[in-house]
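[1] Quick one: sequence plus predicted model below, questions after.
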Amino acid sequence: SPTLIIPPIYAGPTFLFVVEWVNSPNSEYDPPAGIDNISIVSNTPVPPPNDEPCSAITLPVNTNCTYATYTNYGATNSTGTFPPPCGNYVSGDVWFTTTVPASGGIIIDTDIGEMVDGGMAIYSGSCGALTLIECDDNDSSNGLMPYILNTNLTPGQTIYIRVWESGYDNNGTFGICVTPSPPSPPNNECNNAVGLTVNPSLICNIVTPGTTAYATASPQPDDVTGFPDNDVWFYFVATNPNHRISILDIVPVVGTNTNMAVGVYNSPPGNCSTLIFEATSNPEIFNLIGLNIGDTYYLRVYGRNSGALSAQANFNICVSTPPPPPPNNFCTNAIQLQISPICDYDIYTNAGASASSGIPDPGCADYQGGDVWFYVIVDDTGEITVDTQDFDMTDSGMAFYTGTNCNSLTLLDCDDTNSANGAM
């Protein structure tokens, strides 16, 4: 006895109902001669009291999450609001309000009931003029329900909370609670940056723990890659023109995102009002070159994504020191390779090498710097084969150029992993 429910949003149009027999592979019954007891029932339920923003139910901010049960059964599409940009919104939203506590942050979590797949958005403003702050689909640990953590709010601010069922096809009860966000990390602002010890080699013997969990956005300009919504601050004093920054052992505290980024600034010690932007990196391990020995450099560490997708994670941070660059770090000091009938590998290193400038990028093997240079004079055969072998380096790239000097090179070829020696 199949039942088809037409949601109230489709009220008005004329529908044609087609009833057909579906054969079962496990049954040899013939289709019935007739079908009776077809009924069409109009049963639009009364909307819940918080069907519209201006009739939102107030939720308290409790120390611990105790889910209160509500329903969106019978809810309609809210008037005067734009559809939320996530959670497969169709209709059937209900509304709540809450007041931001002194911490400036709230956690809104939902629990399954009859509704098992929900969406949620939060807004600022008044019930007649709302501005979207954040939207979430299924970040809760409770099935496919939404969860929002936002630490960039104003204490005393009224926040409107909109909840709906994803797809508007399984409306009903759900649980919801609001709790204050935990305290921000002690180095949440630049003025409280944590000092880092510089390791004398590339080995990170000394690391410093940190976290972006529950951090808030800093007042500094957004001049870095991604979205520094939850940045924390560190500093170090350069002991070498080149240093390596490593964000290690990333473990999510909220959600699953581990995508971190870093901004680097130069400023006198203890002075966060004159930060000079130096670099930004999304790879969690990167090299800084051309530093001034004795200068103080500030590191701004944050989850690269925005809103609910931002990495709220614990990590270790390390500042290490590469060895001096090899003699053939740049094209002008390229080392000549001799052509021989049998391949006899010579051993070199790129440890401490920096990126070349003014030369066409190789175009393969994820080049990000650290290159060293060689040259060869082609013999009468007009052919050469260059092979590499793995030692400390186990995954490399190699590019061929031609030209009369290092200022007029033309890229001939680039290769990543065609050697028989691993990923060389």
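    Arrived safely, thanks for sending.

[2] CA only for contacts and neighbour counts going forward, please
    OK.

[3] Please, which helix or strand holds Thr44?
    Using DSSP states H and E, Thr44 is not contained in any helix or strand.

[4] Next one: it from Gly74, what distance?
    For Thr44, the distance to Gly74 equals 7 Å [Cα to Cα, to the nearest Å].

[5] Those two: which is more packed in?
    Per other Cα atoms under 10 Å, whichever of Thr44 and Gly74 has more neighbours is Gly74, with 19 against 13.

[6] Please verify my assumption that the more buried one contacts Pro45.
    Yes - counting by Cα atoms under 8 Å, Gly74 touches Pro45, with 4.9 Å between them.

[7] How about Thr211, nearest residue that isn't a chain neighbour?
    Nearest in space to Thr211, with sequence neighbours left out and distances taken as Cα to Cα, 6 or more residues apart in numbering, is Asn314 at 4.2 Å.

[8] Ignore what I typed, I meant Ser267.
    That would be Leu275: by Cα to Cα, 6+ apart, it lies 5.0 Å from Ser267.

[9] cool, and Leu196?
    Phe236 (5.1 Å).

[10] show me where pLDDT drops low in the stretch 201-350 of the chain?
    For the stretch 201-350 of the chain, the stretches with pLDDT under 70 are 307-308.

[11] Let's see that with 50 instead.
    Along the stretch 201-350 of the chain, no part satisfies pLDDT under 50.

[12] what about Tyr123, helix or strand, and which?
    Tyr123 belongs to strand 118-126 when assigned by DSSP H and E.

[13] Parallel or antiparallel, list what pairs with that strand.
    strand 129-136 (antiparallel), strand 158-165 (antiparallel) (DSSP bridges).

[14] contacting residues around the last one?
    Same thing as strand 158-165. Outside of strand 158-165, the residues within contact range by Cα atoms under 8 Å, 6 or more residues apart in numbering are 53, 56, 72, 87, 89, 91-100, 115-125, 127, 171.

[15] coming back round to it: other residues contacting the strand holding Tyr123?
    With Cα under 8 Å, 6+ apart, strand 118-126 has contacts from 84, 86-89, 130-138, 144-147, 157-166.

[16] In ChimeraX, how would I select just the buried ones from these?
    Buried members of those can be picked out in ChimeraX with the line below, counting by 16 or more other Cα atoms under 10 Å:
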select :84,87,88,89,130,131,132,134,135,136,137,138,144,145,146,147,158,159,160,161,162,163,164,165,166
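
[17] Can you report how many residues neighbour Leu409?
    Leu409 sits with 16 neighbouring residues when counted by other Cα under 10 Å.

[18] Now do the nearest residue to it once chain neighbours are set aside against Tyr375, distance only.
    Of all residues not flanking Leu409 in the chain, Gly403 sits nearest, at 4.6 Å (Cα to Cα, 6+ apart). According to Cα to Cα, Gly403 stands 11 Å off from Tyr375.

[19] how close does Thr44 get to Ala75?
    Distance from Thr44 to Ala75, by Cα to Cα: 10 Å.

[20] again with Thr131
    The spacing between Thr131 and Ala75, counted by Cα to Cα, is 21 Å.

[21] ok, residues contacting stretch 300-312?
    For stretch 300-312, contacts defined as Cα under 8 Å, 6+ apart pick out 134-136, 139, 148-150, 211-214, 225-234, 252-264, 282.

[22] can you do 7 Å?
    Applying Cα atoms under 7 Å, 6 or more residues apart in numbering, the external contacts of stretch 300-312 come out as 134, 136, 148-149, 212-214, 226-234, 252-254, 257-264.

[23] Pull out the buried residues from that stretch.
    Arg300, Val301, Tyr302, Gly303, Arg304, Asn305, Gly307, Ala308, Leu309, Ser310, Ala311, Gln312.

[24] now the closest residue to the fifth one other than its chain neighbours, what's its secondary structure?
    With Cα to Cα, 6+ apart as the criterion, Arg304 has its nearest non-adjacent residue at 4.7 Å, and that residue is Gly226. Going by DSSP: H, G, I helix; E, B strand; the rest coil, the secondary structure assigned to Gly226 is coil.

[25] Quick check: phi and psi on Gly226?
    Main-chain torsions, Gly226, degrees, to the nearest 10: phi 80, psi -150.

[26] go on, Thr332?
    According to degrees, to the nearest 10, Thr332 has phi -60, psi -20.

[27] give me the element the nearest residue to it once chain neighbours are set aside is part of.
    With sequence-adjacent residues excluded and distances taken as Cα to Cα, 6+ apart, Thr332 is closest to Cys406, at 6.2 Å. Per DSSP H and E: Cys406 is located in neither a helix nor a strand.

[28] Filter the contacts of stretch 300-312 down to the buried ones and express that as a ChimeraX selection.
    Of the contacts of stretch 300-312, the buried ones go into a single ChimeraX selection, burial set by 16+ other Cα under 10 Å:
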select :134,136,148,149,212,213,214,226,227,228,229,230,231,232,233,234,252,253,254,257,258,259,260,261,262,263,264
